[in-house]
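Trainee: the sequence and its predicted three-dimensional model are supplied below.
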Amino acid sequence: MTFDVLIRAGRVVDGTGGPSLIADVAIRDGRIAGIGALGDLEARTVIDAAGLVVAPGFVDIHSHGDVTVIADPRAQSAIAQGVTTIVVGNCGHSPAPLPIPSALPELTFGYLEGLPVSWTTFGEYLDTVELARPAVNVASLAGHNAIRVAVLGHDPRVATAAEVRSMVTEVERAMDAGAFGLSSGLEYPLGARATTDELVVLASAVGRSDGLYALHTRDRDFHAVEAFDEAFAIAERSGTALQISHIAPRRGAPEGALLDVLERIDRRRTDGLDVACDQHTRYHGITKLVTMLPPAASAVGTTELIRLLRNPAARAAFHDFREPIHKMGLMGEWERMSLFEARASPDLVGKDFAEIGRERGQHPLDGIMDILLEAGDDAPNVLFVGLVQTQKDLDLAFASDTCVPESDATTLAPDGPLAHQRFLGAYTWAAFFLRCIVRERAILGLEEGVRRLTSVPAQRVGLPERGVVAVGAWADITIFDPGGIADKGTVAEPNAFPVGIHHVFVNGGLAYSDGRFAEERSGQVIRRPGRGIPS
């Protein structure tokens with residue numbers, strides 16, 4: 001019997017958390033066909049994995065590669081880290097439904113000017129990703145922001161009962177088209193005016209299809225505890241599985257808030273509530289600069305935003321804004337926030353807002369408004385970073401049985417159409433986790449660390465044939481050096497490939513080998529025909 005691939009004598013860490021073993025792994029027709037001492041079997045490709053770990057491909061439960069995977073389907077930043085499946089549509093951001101094509105830059109991260117937009121519905125968006133032939137597998141949640149814009153336009157207000165019913169229809173259409181659930185980003189302008197009642201109704205619609213509700217909470221600093229109360233209430237009232245995104249609160253949260261919520265998750269799970277969480281693997285948060293302004297300005301569309309930024313009275317009123325994400329400025333910590341991506345203001349990139357204000361002789365918030373003015377139509381793509389997490393936060397989060405790592409990043413490549421884009425975590429998240437959390441700090445053992453990267457997120461989303469090295473499973477496999485894997489990207493230079501990843505297979509196709517990417521791309525768009533069972 002001839003196999004397509006035979007991986008010889010690797011340390012198989014199968015993703016279940018069980019003990020590893022030295023074994024061969026055979027692949028045929030895109031799936032794992034044998035595990036064990038496979039002797040002299042023949043294969044068209046033979047990989048010597050002696051001294052290396054053979055693991056399931058890593059699953060990114062919280063990606064923002066929604067449109068970057070269309071603009072450049074090679075997704076090299078993911079593949080080079082051993083990531084074989086990304087779950088997009090997070091934080092309420094997603095490209096569909098899209099009845100207003102001009103809203104796409106505000107609904108996504110990593111928008112590329114000139115990107116052909118051929119979809120309106122959620123199903124058509126998935127078709128577009130499929131036509132791009134991505135290198136990674138792509139599963140998607142439906143984004144609450146997009147659903148709100150489809151029904152309310154850019155009006156940042158409480159929805160009427162009739163509008164909520166229309167949003168339910170959009171959720172049901174997305175689920176029928178293959179969405180794995182719904183996400184909300186309640187700190188973001190387009191989602192901030194949603195009430196708890198609205199979210200319960202929408203989450204209930206997701207629960208009826210056995211989907212997942214992923215929630216970026218309403219407040220992650222001053223009122224983080226109350227925001228977690230809302231998250232639990234939505235899950236209780238809707239009966240829907242809840243995934244809390246970026247579980248660690250930011251600076252300014254009450255002392256002990258992270259430990260408190262992790263303990264509450266454990267208690268709620270004991271009581272039968274289906275809740276878990278994830279956390280990005282970096283100390284800085286990153287998001288759009290427009291979130292520093294009130295929803296009345298930042299949720300109304302780019303044209304109206306620019307008009308308001310030219311109005312002295314409106315600018316003066318913005319200084320009275322007292323909601324997230326602006327709060328670091330309220331704490332006098334403008335120096336902890338820096339401009340990260342601004343194509344119209346390259347001389348300011350890397351500088352903190354206190355420094356920018358001093359250079360321009362103005363308040364830091366006025367500097368921010370001027371940067372957005374200078375960006376013009378590109379304002380939704382201007383990004384900033386803030387130093388908001390500590391090593392203690394990450395250690396505590398990942399020590400919890402309920403927390404898995406995530407990128408919270410786009411997918412990129414150092415050349416091609418996205419060469420000019422940068423994003424924290426895109427090139428580093430999984431390698432950081434295995435280097436820092438598993439090897440150096442030993443918060444988790446290798447087998448458990450691999451489980452958190454693979455079978456746990458796969459099962460959470462609903463991908464029963466992904467995330468494990470098992471006969472019959474899809475052959476998504478990452479082969480790496482456990483003693484040498486390391487991230488190389490920094491805040492100043494984030495787009496650096498990691499080291500220690502030797503080979504990556506996606507659906508049995510060799511996507512990456514010894515530093516070289518394959519030209520053939522073998523990823524799939526995974527649609528949910530019943531909690532994510534691949535067709």
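Mentor: Perfect, thanks for sending it.

Trainee: alpha carbons only for contacts and neighbour counts from here, please
Mentor: OK.

Trainee: quick check, pLDDT for G34.
Mentor: Turning to G34, the model gives it a pLDDT of 97.

Trainee: got a list of what it touches?
Mentor: By CA atoms under 8 Å, 6 or more residues apart in numbering, the contact set of G34 is 24-27, 471.

Trainee: again, only using 7 Å
Mentor: Contacts for G34 (CA atoms under 7 Å, 6 or more residues apart in numbering) come out as 25-26, 471.

Trainee: got the residues you listed as JSON lines, with neighbour count, pLDDT and distance to E520 columns?
Mentor: What follows is these, written out as JSON lines (neighbours: other CA atoms under 10 Å; pLDDT from 0 to 100; distance: CA to CA, whole Å):
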{"residue": "V25", "neighbour count": "27", "pLDDT": "98", "distance to E520": "22"}
{"residue": "A26", "neighbour count": "26", "pLDDT": "98", "distance to E520": "20"}
{"residue": "V471", "neighbour count": "16", "pLDDT": "98", "distance to E520": "24"}
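
Trainee: just checking, which of those belong to strands?
Mentor: Secondary structure defined by DSSP state E assigns 25-26 of the contacts of G34 to strands.

Trainee: which among the contacts of G34 gets closest to V164?
Mentor: Taking CA to CA as the measure, V471 is the one of the contacts of G34 closest to V164, at 44.9 Å.

Trainee: quick revisit: export the contacts of G34 to TSV and tack on distance to P457?
Mentor: Formatted as TSV, the contacts of G34 follow (distance: CA to CA, whole Å):
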residue	distance to P457
V25	23
A26	24
V471	20
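
Trainee: which of the contacts of G34 sits closest to T120?
Mentor: V471 (39.0 Å).

Trainee: what about the closest one, distance to Q524?
Mentor: V471 sits 20 Å away from Q524, taking CA to CA, to the nearest Å as the criterion.

Trainee: repeat that for Y512.
Mentor: Taken as CA to CA, the span from Y512 to Q524 is 16 Å.

Trainee: also W119?
Mentor: 18 Å.

Trainee: V168 too?
Mentor: Relative to Q524, and taking CA to CA, V168 is found at 28 Å.

Trainee: so where's the chain uncertain?
Mentor: Along the chain, the model assigns pLDDT under 70 to residues 322-332, 529-535.

Trainee: so where's the longest helix in it?
Mentor: helix 161-177 (DSSP state H).

Trainee: buried residues of that one, list them for me.
Mentor: Within helix 161-177, the residues that count as buried by 16 or more other CA atoms under 10 Å are 164-168, 170-177.

Trainee: per-domain residue ranges of the chain.
Mentor: Per the record, the chain has its domains at 2-56+497-517, 58-283+388-480, 287-387, by automatic domain parsing.

Trainee: for E465, helix, strand, or coil?
Mentor: Here E465 is coil, with the state taken from DSSP: H, G, I helix; E, B strand; the rest coil.

Trainee: hang on, the earlier thing: for the longest helix of the chain, packing partners?
Mentor: Helix 161-177 sits against helix 122-132, helix 144-152, helix 196-208, with contacts defined as 3 or more CA pairs under 7 Å, 6 or more residues apart in numbering; DSSP states H and E.

Trainee: want to try a markdown table for these, with distance to I32 and mean neighbour count as columns?
Mentor: Formatted as a markdown table, the helices and strands packed on helix 161-177 follow (distance: least, CA to CA, whole Å; neighbours: other CA atoms under 10 Å):
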| stretch | distance to I32 | mean neighbour count |
| --- | --- | --- |
| helix 122-132 | 23 | 19 |
| helix 144-152 | 37 | 26 |
| helix 196-208 | 32 | 20 |
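
Trainee: redo those as a markdown table? Include distance to L112.
Mentor: Formatted as a markdown table, these follow (distance: least, CA to CA, whole Å):
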| stretch | distance to L112 |
| --- | --- |
| helix 122-132 | 15 |
| helix 144-152 | 18 |
| helix 196-208 | 30 |
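
Trainee: compare those and give me the one nearest M1.
Mentor: Among the helices and strands packed on helix 161-177, the nearest to M1 by CA to CA is helix 122-132 (32.5 Å).

Trainee: dump that closest one to CSV, restricted to CA.
Mentor: Output in CSV follows, covering the C-alpha atoms of helix 122-132 (Å, rounded to 0.1, in the frame of the first residue of the first chain):
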residue,chain,number,x,y,z
PHE,A,122,-22.8,35.8,4.3
GLY,A,123,-22.9,32.7,2.0
GLU,A,124,-21.5,34.7,-0.9
TYR,A,125,-18.7,35.9,1.3
LEU,A,126,-17.8,32.3,2.1
ASP,A,127,-18.0,31.5,-1.7
THR,A,128,-15.5,34.4,-2.3
VAL,A,129,-13.0,33.0,0.3
GLU,A,130,-13.4,29.6,-1.4
LEU,A,131,-12.6,31.0,-4.8
ALA,A,132,-9.5,32.6,-3.4
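
Trainee: let me know the next secondary structure element after that helix.
Mentor: Next helix or strand after helix 122-132 toward the C-terminus (DSSP states H and E): strand 137-140.

Trainee: convert stretch 296-312 to CSV, retaining C-alpha atoms only.
Mentor: Only the C-alpha atoms of stretch 296-312 are listed here, as CSV (Å, rounded to 0.1, in the frame of the first residue of the first chain):
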residue,chain,number,x,y,z
ALA,A,296,-21.8,59.3,17.4
ALA,A,297,-18.7,60.2,15.4
SER,A,298,-17.0,56.9,14.7
ALA,A,299,-20.0,54.7,13.8
VAL,A,300,-21.6,57.0,11.3
GLY,A,301,-19.3,56.2,8.3
THR,A,302,-16.0,57.7,7.2
THR,A,303,-17.4,60.6,5.2
GLU,A,304,-19.4,61.9,8.2
LEU,A,305,-16.5,61.3,10.6
ILE,A,306,-14.2,63.5,8.5
ARG,A,307,-16.9,66.2,8.4
LEU,A,308,-17.2,66.1,12.2
LEU,A,309,-13.4,66.2,12.6
ARG,A,310,-13.4,69.5,10.7
ASN,A,311,-16.0,71.0,13.1
PRO,A,312,-14.4,72.8,16.1
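
Trainee: contacts for that stretch?
Mentor: 154-156, 189-190, 290-291, 314-315, 369, 373, 376-377.

Trainee: could I get those as a markdown table with secondary structure, distance to I437 and neighbour count?
Mentor: Converted to a markdown table, those look like this (DSSP: H, G, I helix; E, B strand; the rest coil; distance: CA to CA, whole Å; neighbours: other CA atoms under 10 Å):
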| residue | secondary structure | distance to I437 | neighbour count |
| --- | --- | --- | --- |
| H154 | coil | 41 | 20 |
| D155 | coil | 43 | 17 |
| P156 | coil | 40 | 22 |
| P189 | coil | 33 | 26 |
| L190 | coil | 34 | 32 |
| V290 | helix | 33 | 26 |
| T291 | helix | 31 | 22 |
| A314 | helix | 46 | 13 |
| R315 | helix | 44 | 17 |
| M369 | helix | 38 | 22 |
| L373 | helix | 41 | 19 |
| G376 | helix | 41 | 15 |
| D377 | helix | 40 | 16 |
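
Trainee: closest to L141 out of those?
Mentor: Nearest to L141 out of the contacts of stretch 296-312 is L190 (CA to CA; 16.8 Å).

Trainee: using PDB, write out every CA atom in stretch 178-192.
Mentor: Extracted C-alpha coordinates of stretch 178-192, given in PDB (Å, rounded to 0.1, in the frame of the first residue of the first chain):
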ATOM      1  CA  GLY A 178     -22.400  28.000   7.300                       C
ATOM      2  CA  ALA A 179     -21.600  30.400  10.100                       C
ATOM      3  CA  PHE A 180     -20.400  28.700  13.300                       C
ATOM      4  CA  GLY A 181     -22.100  31.300  15.500                       C
ATOM      5  CA  LEU A 182     -22.200  35.000  16.200                       C
ATOM      6  CA  SER A 183     -19.700  37.500  17.700                       C
ATOM      7  CA  SER A 184     -20.100  40.900  19.300                       C
ATOM      8  CA  GLY A 185     -17.700  43.700  20.000                       C
ATOM      9  CA  LEU A 186     -19.500  45.800  22.500                       C
ATOM     10  CA  GLU A 187     -16.600  48.300  23.000                       C
ATOM     11  CA  TYR A 188     -16.600  49.100  19.300                       C
ATOM     12  CA  PRO A 189     -18.700  52.000  18.000                       C
ATOM     13  CA  LEU A 190     -20.900  49.900  15.800                       C
ATOM     14  CA  GLY A 191     -21.800  47.500  18.600                       C
ATOM     15  CA  ALA A 192     -21.800  49.800  21.600                       C
END
